[in-house]
Every structure is written in C-alpha cells, then in structure tokens.
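Trainee: Okay, here's the prediction I keep looking at, along with the sequence it came from:
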Amino acid sequence: MKAQLAVLTFIMFVLYLPLNAGGKGELQKYFNDASKKVKLTENASDKREILSKSFQNVSNALNMLSGSVLISKDESIGIDRFKAALQEKQDELAGLNGYERVSDEQLNSFSDYVVQDMEQADEMITISVVTLLLIVILVALLV
C-alpha cells in the first residue's frame, strides 16, 4: 500500500501542472466519453455494461481515496457525497434500492442525464484540485 501511495504521489506531481486546470474537466470528460460510447452501441446490455463499468471505475477510485491520509476531513465528506450521488446512478441503472430500472429504450437519455448530473454534483460538492487530480489519475489507472 505504501508503494502504491508513493507511485500515486509521484504521478500526481509529474502530472500536476498539465492537469491542474483540467482536473474537473477530465472527470466530466470521462463520463461524457462513456455517454458517447453508449450512444454508439446498439445492444442494450452492452450499453448497461459501459455505464456500469464507468460508475464502478470512479467508485473504486473514490473508495481508494477515502481511506488515504492525503485527504482532509472536509474532502472526505465531499468524496462521500460524490460517492452517494454515483451510487444513486448505479442503483437507478440496475433498479435497486427503490429505483425503477432504466428501460433499454432510455439508456441513451440516461447517459446524458448522468453527464449533466455529475457536472452539477462537481459544482455542489467541494473537492480540492489535488484530490480531484488523484481521482482522475486513479480512474485512468483502473481503466
């Protein structure tokens, strides 16, 4: 675990300057790219898989950061809120925890909704640029 932390810290500093202005945009781009893939895919189960994997990759990155000593208490709260918003989308996609499952015909629209909702969540949830960069890096490593 210490080795992973050291590698992530190194990567963060190497990539910090080019990503500093675009960390938030990179996460939004990730969801936007997933939405584009969904729209280009014919099969509904493949569309669900694309969405599910994109949610899971970001969720895994958030889980990895949650326990990190690099994250402040306030940022941890922001990460937990972002995770909750992401979990709601996962539940809605699968029809879990009281949500009605997104119909096959609505998957393209749902992917657009996810992009818009995650963009709004970024504006409402406070996460520092460094933490956001770590999330982007972890997602990139997990993909």
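Mentor: The structure has been received and is ready for your questions.
Trainee: Which secondary structure element of the chain has the lowest mean pLDDT?
Mentor: helix 2-20 (a mean of 46; mean pLDDT, DSSP states H and E).
Trainee: Let me know the next secondary structure element after that one.
Mentor: Helices and strands here follow DSSP states H and E; after helix 2-20, the next one along the chain is helix 23-40.
Trainee: could you dump the helix or strand following that next one to CSV, C-alpha only?
Mentor: Per DSSP H and E, helix 23-40 leads on to helix 44-66 as the next helix or strand towards the C-terminus. Only the C-alpha atoms of helix 44-66 are listed here, as CSV (Å, rounded to 0.1, in the frame of the first residue of the first chain):
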residue,chain,number,x,y,z
ALA,A,44,-28.8,-2.5,-24.5
SER,A,45,-26.9,-5.0,-22.3
ASP,A,46,-23.6,-3.6,-23.8
LYS,A,47,-24.9,0.0,-23.0
ARG,A,48,-25.6,-1.0,-19.4
GLU,A,49,-22.2,-2.6,-19.1
ILE,A,50,-20.5,0.6,-20.4
LEU,A,51,-22.4,2.7,-17.8
SER,A,52,-21.9,0.2,-15.0
LYS,A,53,-18.1,0.0,-15.7
SER,A,54,-17.7,3.8,-15.8
PHE,A,55,-19.6,4.1,-12.4
GLN,A,56,-17.6,1.3,-10.9
ASN,A,57,-14.2,2.7,-12.1
VAL,A,58,-14.9,6.1,-10.5
SER,A,59,-16.4,4.4,-7.4
ASN,A,60,-13.3,2.3,-7.0
ALA,A,61,-11.1,5.4,-7.3
LEU,A,62,-13.2,7.2,-4.7
ASN,A,63,-13.0,4.2,-2.4
MET,A,64,-9.2,4.1,-2.7
LEU,A,65,-9.0,7.8,-1.8
SER,A,66,-11.5,7.6,1.1
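Trainee: what's helix 44-66 packed up against?
Mentor: helix 23-40, helix 73-94, helix 107-124, helix 129-142 (3 or more Cβ pairs under 8 Å, 6 or more residues apart in numbering; DSSP states H and E). In short, each C-beta sits where N, CA and C put it, glycine included.
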